[in-house]
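Q: Sharing a model that was predicted from the sequence below.
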Amino acid sequence: MSSLELPAGAFSIEHLTPEFFASPGFLALRSLAGSPRPFRTIHAGRSGFRAYARTLSAAGRAYILVVLQSRHPQQELLQDIRSTFLLIIPIALLLAGLGGYFLARKSLSPVAAMASKARTIGAANLHDRLGVSNPRDELGQLAISFNELLDRLEDSFERQRRFIADASHELRTPAAILRGEAEVTLSRPERTPSEYREALTILRDESQRLARIIEDLFTLTRADAGQYPITSRDFYLDELAADVLRHARSLALVKNITLTPLTEAELLFHGDEALLRRLLLNLLDNAIKYTPAGGTVTLECKKSSGQYIVSVTDTGPGIPPELQPHIFERFFRADKVRSRPETDGGGAGLGLSIARWIAEAHHGRLELARSNASGSTFSVTLPAL
Ligand code: ADP
(Lines give C-alpha, C1' and ligand atoms only; values in the text may rest on other atoms or scores of the structure.)
Protein backbone atom coordinates (compact mmCIF):
# COMPACT_ATOMS: atom_id res chain seq x y z
CA MET A 1 0.00 0.00 0.00
CA SER A 2 1.30 3.44 -0.94
CA SER A 3 -1.48 5.48 0.67
CA LEU A 4 -3.05 5.81 4.13
CA GLU A 5 -6.55 6.77 5.24
CA LEU A 6 -6.64 9.33 8.05
CA PRO A 7 -9.61 11.36 9.34
CA ALA A 8 -9.97 14.99 8.19
CA GLY A 9 -7.92 17.32 10.45
CA ALA A 10 -6.05 14.35 11.93
CA PHE A 11 -2.87 16.39 12.11
CA SER A 12 -4.12 19.45 13.98
CA ILE A 13 -2.52 19.75 17.42
CA GLU A 14 -5.71 19.03 19.32
CA HIS A 15 -5.90 15.66 17.56
CA LEU A 16 -2.54 14.52 18.84
CA THR A 17 -4.28 12.64 21.58
CA PRO A 18 -3.35 9.23 23.00
CA GLU A 19 -6.11 7.80 20.73
CA PHE A 20 -4.38 9.26 17.72
CA PHE A 21 -1.08 7.70 18.66
CA ALA A 22 -2.89 4.39 19.03
CA SER A 23 -4.73 4.81 15.70
CA PRO A 24 -3.88 2.57 12.71
CA GLY A 25 -2.87 5.72 10.73
CA PHE A 26 -0.16 6.69 13.22
CA LEU A 27 1.02 3.09 13.43
CA ALA A 28 1.30 3.09 9.64
CA LEU A 29 3.39 6.32 9.76
CA ARG A 30 5.66 4.68 12.23
CA SER A 31 6.20 1.71 9.98
CA LEU A 32 6.76 4.13 7.08
CA ALA A 33 9.62 5.72 9.04
CA GLY A 34 11.38 2.40 9.10
CA SER A 35 10.75 1.46 5.47
CA PRO A 36 13.38 1.91 2.69
CA ARG A 37 10.88 4.06 0.62
CA PRO A 38 9.62 6.50 3.25
CA PHE A 39 7.22 8.54 1.01
CA ARG A 40 3.50 7.99 0.97
CA THR A 41 0.24 9.69 0.03
CA ILE A 42 -2.13 10.24 2.88
CA HIS A 43 -5.85 10.61 2.20
CA ALA A 44 -7.06 13.06 4.72
CA GLY A 45 -9.56 15.86 4.21
CA ARG A 46 -10.32 16.96 0.61
CA SER A 47 -6.85 16.97 -0.85
CA GLY A 48 -4.69 14.73 1.33
CA PHE A 49 -0.94 14.97 1.97
CA ARG A 50 2.35 13.64 0.80
CA ALA A 51 4.05 12.21 3.83
CA TYR A 52 7.70 11.56 4.62
CA ALA A 53 8.63 9.78 7.83
CA ARG A 54 12.01 9.05 9.31
CA THR A 55 13.20 7.68 12.65
CA LEU A 56 15.82 9.89 14.31
CA SER A 57 17.64 9.33 17.54
CA ALA A 58 18.95 12.12 19.72
CA ALA A 59 20.24 12.02 23.27
CA GLY A 60 19.50 8.35 23.52
CA ARG A 61 15.85 8.82 22.55
CA ALA A 62 14.16 7.79 19.38
CA TYR A 63 12.02 10.34 17.53
CA ILE A 64 9.86 9.99 14.47
CA LEU A 65 10.18 12.90 12.05
CA VAL A 66 7.09 13.27 9.93
CA VAL A 67 6.97 15.85 7.12
CA LEU A 68 3.62 16.46 5.55
CA GLN A 69 2.90 18.54 2.48
CA SER A 70 -0.61 19.36 1.50
CA ARG A 71 -1.65 18.25 -1.99
CA HIS A 72 -4.18 21.04 -2.14
CA PRO A 73 -2.25 23.45 -4.49
CA GLN A 74 -1.55 20.62 -6.98
CA GLN A 75 -5.14 19.42 -6.79
CA GLU A 76 -6.33 22.93 -7.50
CA LEU A 77 -3.97 23.29 -10.40
CA LEU A 78 -5.11 19.95 -11.81
CA GLN A 79 -8.72 20.99 -11.37
CA ASP A 80 -8.04 24.26 -13.22
CA ILE A 81 -6.35 22.39 -16.04
CA ARG A 82 -9.22 19.90 -16.21
CA SER A 83 -11.85 22.65 -16.39
CA THR A 84 -9.83 24.54 -19.00
CA PHE A 85 -9.51 21.43 -21.14
CA LEU A 86 -13.18 20.63 -20.78
CA LEU A 87 -13.96 24.06 -22.19
CA ILE A 88 -11.19 24.38 -24.75
CA ILE A 89 -11.22 20.91 -26.32
CA PRO A 90 -14.81 21.05 -27.67
CA ILE A 91 -14.20 24.57 -29.02
CA ALA A 92 -10.88 23.51 -30.57
CA LEU A 93 -12.53 20.44 -32.09
CA LEU A 94 -15.33 22.55 -33.50
CA LEU A 95 -12.91 25.10 -34.95
CA ALA A 96 -10.67 22.37 -36.40
CA GLY A 97 -13.70 20.68 -37.98
CA LEU A 98 -14.94 23.90 -39.51
CA GLY A 99 -11.45 24.84 -40.70
CA GLY A 100 -10.91 21.39 -42.20
CA TYR A 101 -14.26 21.51 -43.94
CA PHE A 102 -13.52 24.97 -45.33
CA LEU A 103 -10.02 23.97 -46.49
CA ALA A 104 -11.25 20.73 -48.03
CA ARG A 105 -13.99 22.57 -49.90
CA LYS A 106 -11.56 25.19 -51.10
CA SER A 107 -8.92 22.70 -52.25
CA LEU A 108 -11.46 20.32 -53.83
CA SER A 109 -13.43 23.01 -55.64
CA PRO A 110 -11.15 22.73 -58.73
CA VAL A 111 -11.89 18.97 -58.76
CA ALA A 112 -15.61 19.69 -58.71
CA ALA A 113 -15.14 22.24 -61.51
CA MET A 114 -13.13 19.69 -63.53
CA ALA A 115 -15.75 17.01 -62.97
CA SER A 116 -18.61 19.22 -64.14
CA LYS A 117 -16.59 20.35 -67.19
CA ALA A 118 -15.61 16.76 -68.00
CA ARG A 119 -19.29 15.80 -67.82
CA THR A 120 -20.09 18.24 -70.64
CA ILE A 121 -17.39 16.91 -73.01
CA GLY A 122 -18.69 14.44 -75.55
CA ALA A 123 -18.22 13.40 -79.17
CA ALA A 124 -19.71 16.70 -80.40
CA ASN A 125 -17.29 18.97 -78.50
CA LEU A 126 -14.26 16.76 -78.10
CA HIS A 127 -12.06 19.79 -78.80
CA ASP A 128 -13.07 21.35 -75.43
CA ARG A 129 -10.44 21.21 -72.69
CA LEU A 130 -10.36 21.56 -68.91
CA GLY A 131 -9.05 24.84 -67.50
CA VAL A 132 -5.61 24.55 -65.88
CA SER A 133 -5.31 27.12 -63.07
CA ASN A 134 -1.95 26.04 -61.68
CA PRO A 135 0.01 23.66 -63.89
CA ARG A 136 2.54 22.97 -61.12
CA ASP A 137 0.28 21.53 -58.43
CA GLU A 138 -1.23 18.02 -58.39
CA LEU A 139 -4.64 19.16 -59.61
CA GLY A 140 -3.03 21.12 -62.45
CA GLN A 141 -1.11 17.98 -63.42
CA LEU A 142 -4.34 15.99 -63.31
CA ALA A 143 -6.06 18.50 -65.62
CA ILE A 144 -3.06 18.44 -68.01
CA SER A 145 -3.11 14.62 -68.12
CA PHE A 146 -6.84 14.66 -68.73
CA ASN A 147 -6.40 17.18 -71.55
CA GLU A 148 -3.67 15.04 -73.09
CA LEU A 149 -6.03 12.06 -72.94
CA LEU A 150 -8.64 14.17 -74.74
CA ASP A 151 -6.01 15.11 -77.38
CA ARG A 152 -5.36 11.44 -78.05
CA LEU A 153 -9.06 10.62 -78.10
CA GLU A 154 -9.81 13.48 -80.45
CA ASP A 155 -7.00 12.38 -82.73
CA SER A 156 -8.23 8.81 -82.80
CA PHE A 157 -11.84 9.97 -83.31
CA GLU A 158 -10.72 12.12 -86.23
CA ARG A 159 -8.80 9.23 -87.79
CA GLN A 160 -11.82 6.92 -87.37
CA ARG A 161 -14.11 9.53 -88.87
CA ARG A 162 -11.81 10.03 -91.86
CA PHE A 163 -11.42 6.27 -92.26
CA ILE A 164 -15.19 5.73 -92.32
CA ALA A 165 -15.72 8.65 -94.73
CA ASP A 166 -13.00 7.38 -97.10
CA ALA A 167 -14.21 3.79 -96.81
CA SER A 168 -17.78 4.74 -97.66
CA HIS A 169 -16.55 6.80 -100.57
CA GLU A 170 -14.50 3.88 -101.90
CA LEU A 171 -17.39 1.44 -101.48
CA ARG A 172 -19.87 3.78 -103.13
CA THR A 173 -18.12 3.68 -106.52
CA PRO A 174 -18.18 -0.07 -107.19
CA ALA A 175 -21.67 -0.31 -105.70
CA ALA A 176 -22.87 2.43 -108.09
CA ILE A 177 -21.20 0.68 -111.03
CA LEU A 178 -22.86 -2.63 -110.12
CA ARG A 179 -26.28 -1.04 -109.89
CA GLY A 180 -25.82 1.10 -113.05
CA GLU A 181 -24.59 -1.81 -115.12
CA ALA A 182 -27.46 -4.04 -114.00
CA GLU A 183 -30.02 -1.29 -114.66
CA VAL A 184 -28.66 -0.57 -118.16
CA THR A 185 -28.63 -4.26 -119.03
CA LEU A 186 -32.16 -4.76 -117.76
CA SER A 187 -33.53 -1.58 -119.37
CA ARG A 188 -34.22 -3.50 -122.60
CA PRO A 189 -36.24 -6.73 -122.50
CA GLU A 190 -33.83 -8.56 -124.80
CA ARG A 191 -30.05 -8.45 -125.15
CA THR A 192 -27.63 -10.44 -127.21
CA PRO A 193 -25.56 -13.11 -125.46
CA SER A 194 -22.39 -11.04 -125.99
CA GLU A 195 -24.05 -8.01 -124.35
CA TYR A 196 -25.02 -10.16 -121.38
CA ARG A 197 -21.50 -11.56 -121.22
CA GLU A 198 -19.99 -8.08 -121.30
CA ALA A 199 -22.34 -6.87 -118.54
CA LEU A 200 -21.66 -9.91 -116.40
CA THR A 201 -17.91 -9.46 -116.83
CA ILE A 202 -18.21 -5.90 -115.54
CA LEU A 203 -20.40 -7.09 -112.67
CA ARG A 204 -17.86 -9.81 -111.79
CA ASP A 205 -14.88 -7.42 -111.90
CA GLU A 206 -16.61 -4.79 -109.79
CA SER A 207 -17.87 -7.30 -107.25
CA GLN A 208 -14.30 -8.64 -107.01
CA ARG A 209 -13.05 -5.10 -106.44
CA LEU A 210 -15.77 -4.55 -103.84
CA ALA A 211 -14.86 -7.78 -102.06
CA ARG A 212 -11.16 -6.80 -102.04
CA ILE A 213 -11.88 -3.38 -100.57
CA ILE A 214 -14.08 -4.92 -97.88
CA GLU A 215 -11.39 -7.50 -97.09
CA ASP A 216 -8.71 -4.78 -96.90
CA LEU A 217 -10.89 -2.63 -94.65
CA PHE A 218 -11.53 -5.58 -92.40
CA THR A 219 -7.80 -6.33 -92.21
CA LEU A 220 -6.91 -2.76 -91.30
CA THR A 221 -9.66 -2.46 -88.70
CA ARG A 222 -8.52 -5.64 -87.00
CA ALA A 223 -4.87 -4.60 -87.28
CA ASP A 224 -5.68 -1.24 -85.62
CA ALA A 225 -7.44 -2.99 -82.78
CA GLY A 226 -4.47 -5.37 -82.41
CA GLN A 227 -6.85 -8.23 -83.11
CA TYR A 228 -5.43 -9.61 -86.35
CA PRO A 229 -4.34 -13.16 -85.57
CA ILE A 230 -0.68 -13.63 -86.57
CA THR A 231 0.27 -17.28 -86.91
CA SER A 232 4.03 -17.58 -87.05
CA ARG A 233 6.04 -20.57 -88.16
CA ASP A 234 9.37 -21.27 -89.89
CA PHE A 235 9.48 -21.09 -93.68
CA TYR A 236 11.89 -20.13 -96.45
CA LEU A 237 11.46 -16.60 -97.81
CA ASP A 238 13.05 -17.57 -101.16
CA GLU A 239 10.49 -20.35 -101.64
CA LEU A 240 7.65 -17.98 -100.79
CA ALA A 241 9.03 -15.40 -103.25
CA ALA A 242 9.21 -18.04 -106.02
CA ASP A 243 5.63 -19.09 -105.28
CA VAL A 244 4.34 -15.51 -105.32
CA LEU A 245 6.13 -14.90 -108.62
CA ARG A 246 4.42 -17.95 -110.10
CA HIS A 247 1.04 -16.54 -109.09
CA ALA A 248 1.83 -13.09 -110.48
CA ARG A 249 3.00 -14.55 -113.79
CA SER A 250 -0.49 -14.58 -115.35
CA LEU A 251 -0.97 -10.89 -114.48
CA ALA A 252 2.41 -10.03 -116.00
CA LEU A 253 1.72 -12.10 -119.11
CA VAL A 254 -1.37 -10.07 -119.97
CA LYS A 255 0.78 -6.93 -120.09
CA ASN A 256 3.81 -8.62 -121.60
CA ILE A 257 5.90 -7.76 -118.55
CA THR A 258 9.00 -9.80 -117.77
CA LEU A 259 9.18 -11.07 -114.19
CA THR A 260 12.73 -11.61 -113.00
CA PRO A 261 13.51 -13.51 -109.80
CA LEU A 262 16.78 -12.67 -108.07
CA THR A 263 16.77 -14.69 -104.89
CA GLU A 264 19.41 -16.16 -102.66
CA ALA A 265 18.67 -19.67 -101.40
CA GLU A 266 17.84 -20.92 -97.90
CA LEU A 267 16.52 -17.71 -96.38
CA LEU A 268 14.87 -19.24 -93.31
CA PHE A 269 12.32 -16.90 -91.73
CA HIS A 270 9.92 -17.10 -88.80
CA GLY A 271 6.61 -15.33 -89.39
CA ASP A 272 3.09 -15.47 -90.76
CA GLU A 273 3.50 -16.93 -94.24
CA ALA A 274 0.03 -15.90 -95.44
CA LEU A 275 0.61 -12.28 -94.42
CA LEU A 276 4.09 -12.19 -95.98
CA ARG A 277 2.58 -13.63 -99.17
CA ARG A 278 0.01 -10.85 -99.14
CA LEU A 279 2.73 -8.23 -98.69
CA LEU A 280 4.74 -9.52 -101.66
CA LEU A 281 1.63 -9.87 -103.80
CA ASN A 282 0.60 -6.28 -103.05
CA LEU A 283 4.02 -5.01 -104.10
CA LEU A 284 4.16 -7.20 -107.22
CA ASP A 285 0.58 -6.33 -108.11
CA ASN A 286 1.38 -2.61 -107.92
CA ALA A 287 4.62 -3.04 -109.87
CA ILE A 288 2.80 -4.88 -112.68
CA LYS A 289 -0.19 -2.54 -112.55
CA TYR A 290 1.85 0.66 -112.84
CA THR A 291 4.46 -0.60 -115.32
CA PRO A 292 3.65 -0.08 -119.01
CA ALA A 293 3.45 -3.11 -121.31
CA GLY A 294 6.81 -4.55 -122.24
CA GLY A 295 8.49 -3.48 -118.99
CA THR A 296 10.32 -5.53 -116.38
CA VAL A 297 9.55 -6.31 -112.76
CA THR A 298 12.26 -7.80 -110.56
CA LEU A 299 11.82 -9.50 -107.21
CA GLU A 300 15.02 -9.77 -105.23
CA CYS A 301 15.56 -11.54 -101.88
CA LYS A 302 18.89 -11.46 -100.08
CA LYS A 303 20.50 -11.53 -96.69
CA SER A 304 22.59 -8.55 -95.70
CA SER A 305 24.01 -7.50 -92.31
CA GLY A 306 21.80 -9.91 -90.37
CA GLN A 307 18.66 -8.81 -92.18
CA TYR A 308 16.60 -10.05 -95.07
CA ILE A 309 16.00 -7.52 -97.81
CA VAL A 310 13.18 -8.20 -100.22
CA SER A 311 12.84 -5.63 -102.98
CA VAL A 312 10.45 -5.22 -105.89
CA THR A 313 11.74 -3.07 -108.73
CA ASP A 314 9.75 -2.00 -111.77
CA THR A 315 10.37 0.01 -114.90
CA GLY A 316 7.20 2.06 -114.47
CA PRO A 317 6.81 5.85 -114.60
CA GLY A 318 7.77 6.32 -110.94
CA ILE A 319 5.93 8.32 -108.31
CA PRO A 320 6.22 12.12 -108.34
CA PRO A 321 8.46 13.29 -105.45
CA GLU A 322 5.68 15.45 -103.94
CA LEU A 323 3.38 12.40 -103.70
CA GLN A 324 5.97 9.96 -102.39
CA PRO A 325 5.51 10.89 -98.70
CA HIS A 326 1.80 10.03 -98.96
CA ILE A 327 1.74 6.68 -100.73
CA PHE A 328 1.60 4.66 -97.47
CA GLU A 329 -1.38 6.65 -96.21
CA ARG A 330 -4.72 4.91 -96.23
CA PHE A 331 -6.88 5.53 -99.31
CA PHE A 332 -4.10 7.52 -100.95
CA ARG A 333 -3.84 7.02 -104.70
CA ALA A 334 -1.48 9.04 -106.81
CA ASP A 335 -3.73 8.30 -109.78
CA LYS A 336 -6.73 9.86 -108.05
CA VAL A 337 -4.68 13.02 -107.55
CA ARG A 338 -3.81 12.87 -111.23
CA SER A 339 -7.52 12.35 -112.07
CA ARG A 340 -7.34 8.85 -113.43
CA PRO A 341 -10.77 7.18 -113.58
CA GLU A 342 -11.57 4.88 -110.66
CA THR A 343 -12.88 2.15 -112.92
CA ASP A 344 -9.50 1.17 -114.37
CA GLY A 345 -9.03 -1.71 -111.97
CA GLY A 346 -6.91 0.30 -109.51
CA GLY A 347 -7.28 -0.45 -105.81
CA ALA A 348 -8.70 1.72 -103.08
CA GLY A 349 -5.30 2.94 -101.95
CA LEU A 350 -5.05 0.45 -99.08
CA GLY A 351 -2.52 -2.01 -100.52
CA LEU A 352 0.63 -0.22 -99.33
CA SER A 353 -0.86 0.58 -95.88
CA ILE A 354 -1.55 -3.11 -95.37
CA ALA A 355 1.88 -4.09 -96.72
CA ARG A 356 3.59 -1.67 -94.32
CA TRP A 357 1.54 -2.97 -91.38
CA ILE A 358 2.54 -6.56 -92.26
CA ALA A 359 6.24 -5.60 -92.36
CA GLU A 360 5.96 -3.80 -89.02
CA ALA A 361 4.00 -6.67 -87.45
CA HIS A 362 7.10 -8.78 -88.23
CA HIS A 363 9.44 -6.18 -86.66
CA GLY A 364 10.53 -5.05 -90.08
CA ARG A 365 9.82 -2.06 -92.31
CA LEU A 366 8.66 -1.25 -95.82
CA GLU A 367 10.04 1.75 -97.69
CA LEU A 368 10.04 3.27 -101.10
CA ALA A 369 13.78 2.89 -101.71
CA ARG A 370 13.87 4.70 -105.06
CA SER A 371 11.40 6.18 -107.51
CA ASN A 372 12.12 8.18 -110.63
CA ALA A 373 11.20 8.30 -114.31
CA SER A 374 12.95 4.95 -114.90
CA GLY A 375 10.98 3.08 -112.24
CA SER A 376 10.47 2.43 -108.55
CA THR A 377 11.92 0.08 -105.95
CA PHE A 378 9.99 -0.90 -102.83
CA SER A 379 12.15 -2.53 -100.19
CA VAL A 380 11.09 -4.70 -97.23
CA THR A 381 13.59 -5.25 -94.42
CA LEU A 382 12.93 -8.17 -92.07
CA PRO A 383 14.96 -9.54 -89.17
CA ALA A 384 16.92 -12.64 -90.25
CA LEU A 385 16.96 -15.75 -88.08
P1 ADP B 1 -3.64 1.05 -104.87
O2 ADP B 1 -4.66 0.14 -104.39
O3 ADP B 1 -4.18 2.31 -105.44
O4 ADP B 1 -2.56 0.42 -105.67
P5 ADP B 1 -1.61 1.27 -102.89
O6 ADP B 1 -1.72 1.62 -101.46
O7 ADP B 1 -1.10 -0.06 -103.23
O8 ADP B 1 -3.02 1.54 -103.48
O9 ADP B 1 -0.69 2.34 -103.58
C10 ADP B 1 -0.91 3.72 -103.33
C11 ADP B 1 -0.50 4.52 -104.54
O12 ADP B 1 0.92 4.49 -104.69
C13 ADP B 1 -1.07 3.97 -105.81
O14 ADP B 1 -2.34 4.50 -106.08
C15 ADP B 1 -0.07 4.44 -106.83
O16 ADP B 1 -0.38 5.75 -107.26
C17 ADP B 1 1.23 4.52 -106.07
N18 ADP B 1 2.08 3.36 -106.38
C19 ADP B 1 2.21 2.25 -105.64
N20 ADP B 1 3.09 1.40 -106.21
C21 ADP B 1 3.55 1.99 -107.31
C22 ADP B 1 4.49 1.63 -108.33
N23 ADP B 1 5.14 0.47 -108.30
N24 ADP B 1 4.69 2.52 -109.32
C25 ADP B 1 4.06 3.69 -109.35
N26 ADP B 1 3.15 4.10 -108.44
C27 ADP B 1 2.90 3.26 -107.43
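A: Sure, I can see it.

Q: Quick check: which element contains the residue of the stretch 101-250 of the chain found nearest the ligand?
A: Here the residue of the stretch 101-250 of the chain nearest the ligand is D216; by CB to the nearest ligand atom that distance is 8.3 Å. The way it works is simple: take the backbone N, C-alpha and C, and place the C-beta from them, glycine included. Here D216, judged by DSSP states H and E, is contained in helix 193-224.

Q: can you tell me the average pLDDT over that helix?
A: The predicted model assigns helix 193-224 a mean pLDDT of 93.

Q: Would you mark the buried spots in it?
A: A199, I202, E206, R209, L210, I213, D216, L217, T219, L220, A223 (16 or more other CB atoms under 10 Å).

Q: Tabulate those residues in CSV, adding columns for distance to H326.
A: CSV is the format used below for these (distance: CB to CB, whole Å):
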residue, distance to H326
A199, 36
I202, 30
E206, 26
R209, 22
L210, 24
I213, 19
D216, 17
L217, 19
T219, 20
L220, 17
A223, 19
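
Q: and the residue of the stretch 101-250 of the chain closest to the ligand, what does it touch?
A: G347, A348, L350, G351, I354 (CB atoms under 8 Å, 6 or more residues apart in numbering).

Q: and if you look at L150?
A: Neighbouring residues of L150 by CB under 8 Å, 6+ apart: I121, L126, D128, R129.

Q: can you check E367 too?
A: Listed by CB under 8 Å, 6+ apart, the contact set of E367 reads F378, S379, T381.

Q: As TSV, those residues with distance to the ligand, secondary structure and neighbour count would be great.
A: Shown next, in TSV, are these (distance: CB to the nearest ligand atom, whole Å; DSSP: H, G, I helix; E, B strand; the rest coil; neighbours: other CB atoms under 10 Å):
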residue	distance to the ligand	secondary structure	neighbour count
F378	7	strand	25
S379	12	strand	18
T381	18	strand	20
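
Q: Can you report how many residues neighbour G122?
A: The local packing of G122 (other CB atoms under 10 Å) involves 8 other residues.

Q: got it, and S83?
A: Neighbour count of S83, defined by other CB under 10 Å: 10.

Q: What are the phi and psi values at I42?
A: Per-residue torsions, I42: phi -110, psi 120 (degrees, to the nearest 10).

Q: Which ones among the contacts of D216 lie within helices?
A: Among the contacts of D216, the ones falling in helices (DSSP state H) are G351, I354.

Q: which residues sit against stretch 219-234?
A: Here stretch 219-234 makes contact (CB under 8 Å, 6+ apart) with 163, 268-275, 330, 350, 353-354, 357, 361, 385.

Q: next one: stretch 191-208
A: Counting by CB under 8 Å, 6+ apart, P174, I177, L178, E181, A182, V184, T185, G345 sit against stretch 191-208.

Q: So the fourth one, which state does it fall into?
A: Right, the one you point to is E181. Under DSSP: H, G, I helix; E, B strand; the rest coil, E181 falls in the helix class.

Q: Same question for the first one.
A: Taken by three-state DSSP, the conformation at P174 corresponds to helix.

Q: That one and L210 touch, don't they?
A: Yes. Counting by CB atoms under 8 Å, L210 is a contact partner of P174 at 4.3 Å.

Q: Which positions in the protein make contact with the ligand?
A: Applying CB under 6 Å from any ligand atom, one finds that the chain approaches the ligand through 282, 286-287, 290, 314, 316, 319, 327, 332-335, 346-353, 376.

Q: residue boundaries of the helices in this protein?
A: Ranges of helices in the chain, per DSSP H, are 18-22, 24-33, 72-120, 138-186, 193-224, 237-254, 273-290, 334-337, 351-361.

Q: wait, which of those is closest to L65?
A: helix 24-33 (7.5 Å; CB to CB).

Q: mind checking how far the closest one is from the chain centre?
A: 82 Å (CA atoms, centre = their mean, to the nearest Å).

Q: rewinding a little: neighbour-wise, which one of the contacts of D216 leads?
A: A348 (26 neighbours).

Q: Counting neighbours, what do you get for L98?
A: Using other CB under 10 Å, L98 is surrounded by 10 other residues.

Q: Please determine how far it is located from the ligand.
A: L98 sits 68 Å away from the ligand, going by CB to the nearest ligand atom, to the nearest Å.

Q: Quick check, central residue of this protein?
A: Here the mean C-alpha position of the chain is nearest to the C-alpha of L149 (CA atoms, centre = their mean), at a distance of 9.2 Å.

Q: Please read off the pLDDT at that one from the model.
A: 95.

Q: what stretches of the chain score poorly on pLDDT?
A: The model of the chain has pLDDT under 70 over residues 1-16, 336-346.

Q: Nearest to the ligand within it, name that residue for me.
A: G347 (2.0 Å).

Q: Which residue is the nearest non-sequential neighbour of that residue?
A: Leaving aside its chain neighbours, G347 sits nearest to R212 (7.0 Å; criterion: CB to CB, 6 or more residues apart in numbering).
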